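> Need coordinates for the following:
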Amino acid sequence: MRSASAADRPRASRETRTLPTFAPGAVETPFVISCYDELFTQDTTWAAHSHPCHELLWNERGASTAVVDARVWTVTPTLGLWMPAGTLHSGSAPAGTWLRASFVGLSGTVSISDVPVAVEITPLLRLLLERLGEEGLSARSRQVTEAMVLDVLTPSAHELLLNLPVSDLLRPIADAVREDPRDQRTLTHWAAELGVSPRTITRAFNAETGTSFARWVAAVRAQHAVGLLTRGFEVDAVAELVGYQSASAFGVAFRRTTGLTPGTFRAH
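Here you go, the predicted model:
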C-alpha cells in the first residue's frame with residue numbers, strides 16, 4: 001500500500017519526445033486497428049504532434065495527461081481518450097505509467113467524435129483490445145475482434161477534463177493551484193493579492209473556463225487525486241494531499257466534479 005510519504009520521494013529524470021505533425025490521412029495506414037504499449041521508466045513528455053489516423057489512449061497502469069489547446073484530460077485505466085486524426089496535442093506520463101494506445105485507420109471507419117472525447121474502458125473493450133495484441137491471431141479473428149471494438153467504442157458520459165485559464169490575470173492562480181492543490185487561498189484572498197475585485201476574478205473564470213473559481217479548483221484537485229489513486233495511495237492520504245480535511249469531504253467533492261467515486265480509480 002502507498003502512503004502520503006510516497007509523495008516526497010525523488011522523481012525520475014524527464015525525457016521529452018518530439019513526434020511529427022500529420023494531417024488526417026496524410027500517411028497511408030494499412031490497418032484497421034494497430035495496438036501499442038509502453039511502460040515508462042522515467043517521466044516522459046510529448047511535444048505537440050498529431051497523427052494521420054485516430055488514436056485511443058488509455059493506460060494499463062497509472063494516470064497520464066493529454067493536452068489540446070487549453071484543455072487537459074487525465075487518462076487512466078478506466079477512462080481513456082479518443083483523439084481524432086489530425087488533432088494537435090501534447091502529453092505527459094510519470095514514471096511507472098503503463099500506456100496503451102490503439103491507432104485506428106481511416107479506411108472503412110468513422111470517428112466516434114470530431115473532437116477529443118473520453119471513452120470508458122469497459123471490461124469488454126479491454127478484453128477486445130488485449131486480444132488484438134495477441135501473437136498468432138488469425139486474420140479472421142482479427143477482423144471480427146476489430147469490428148467488435150469499433151462497435152463498442154462510444155463517448156463516455158464522464159471525463160476528467162480541466163479547462164485552463166490563459167489570461168495574465170488568472171495565470172498566477174492557475175499555476176499556484178496546479179502546483180499545490182492543497183492551496184487554501186479563497187477568491188477573496190486572491191483578489192486582494194492581485195489587486196482586483198472578487199467579481200473581476202469570478203467573471204474571468206467563467207469566461208475562460210466555463211465554470212466558477214471553486215468548481216475549477218475542485219477539478220484541479222480531482223485530476224491530481226486520480227493520479228495518486230492510480231498509483232495506489234489510500235483515499236485518506238489522497239484527501240489530505242489535495243486539500244480536504246476528511247476523506248468524506250473529498251469523496252463528496254470528487255463525485256460532484258467527476259460523477260464517479262474515488263474507488264473507480266483506486267489501484268488494487
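
> Quick check: end-to-end length of stretch 24-40?
28 Å (Cα to Cα, to the nearest Å).

> Any buried residues in it, and which?
24, 29, 32-33, 35, 40 (16 or more other Cβ atoms under 10 Å). Heads up, the C-betas are built off the backbone N, CA and C, glycines and all.

> With distance to residue 83 and pLDDT as new columns, can those be given to me in TSV?
What follows is those, written out as TSV (distance: Cβ to Cβ, whole Å; pLDDT from 0 to 100):
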residue	distance to residue 83	pLDDT
24	11	95
29	14	89
32	17	94
33	14	96
35	15	94
40	19	96
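
> Which one of those is nearest to residue 230?
Distance ranking of the buried residues of stretch 24-40 against residue 230, using Cβ to Cβ, places residue 40 first at 13.4 Å.

> now that closest one: how far from residue 126?
20 Å (Cβ to Cβ, to the nearest Å).

> Could you list the low-pLDDT ranges of the stretch 1-150 of the chain?
1-12 (pLDDT under 70).

> let's see 50
Where the stretch 1-150 of the chain drops to pLDDT under 50, the residues are 1-10.

> now the buried residues of stretch 24-40 in TSV, with distance to residue 177 and secondary structure?
TSV is the format used below for these (distance: Cβ to Cβ, whole Å; DSSP: H, G, I helix; E, B strand; the rest coil):
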residue	distance to residue 177	secondary structure
24	36	coil
29	40	coil
32	42	coil
33	38	strand
35	36	strand
40	26	coil
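
> how about these in CSV, adding distance to residue 250?
Shown next, in CSV, are the buried residues of stretch 24-40 (distance: Cβ to Cβ, whole Å):
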residue, distance to residue 250
24, 41
29, 43
32, 42
33, 38
35, 35
40, 28
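
> Can you tell me the SS state at the most centrally placed residue in the chain?
Centroid-nearest residue in the chain, with Cα atoms, centre = their mean: residue 74, separated by 1.3 Å. For residue 74, the secondary-structure state derived from DSSP: H, G, I helix; E, B strand; the rest coil is strand.

> wait, what's in contact with it?
63-65, 160, 162, 223, 226-227 (Cβ atoms under 8 Å, 6 or more residues apart in numbering).

> Apply 6 Å and report the result again.
63, 65, 160, 223, 226 (Cβ atoms under 6 Å, 6 or more residues apart in numbering).

> Which of those sits closest to residue 13?
residue 65 (18.5 Å).

> Confirm that the closest one sits in a helix.
No: using three-state DSSP, the assignment for residue 65 is strand, not a helix.

> right, and it touches residue 92 too?
Yes: look at residue 65 against residue 92 with Cβ atoms under 6 Å: they come within range, at 5.3 Å.

> Run through the bridge partners of the residue nearest to the centre of the chain.
Going by DSSP bridges, residue 74 is paired in beta bridges with residue 65.

> likewise residue 39?
Residues in beta-bridge contact with residue 39 (DSSP bridges): residue 98.

> you'd agree it is up against residue 97?
No: in this structure, residue 39 is not within contact of residue 97 by Cβ under 6 Å, at 7.6 Å.

> No more questions from me, cheers.
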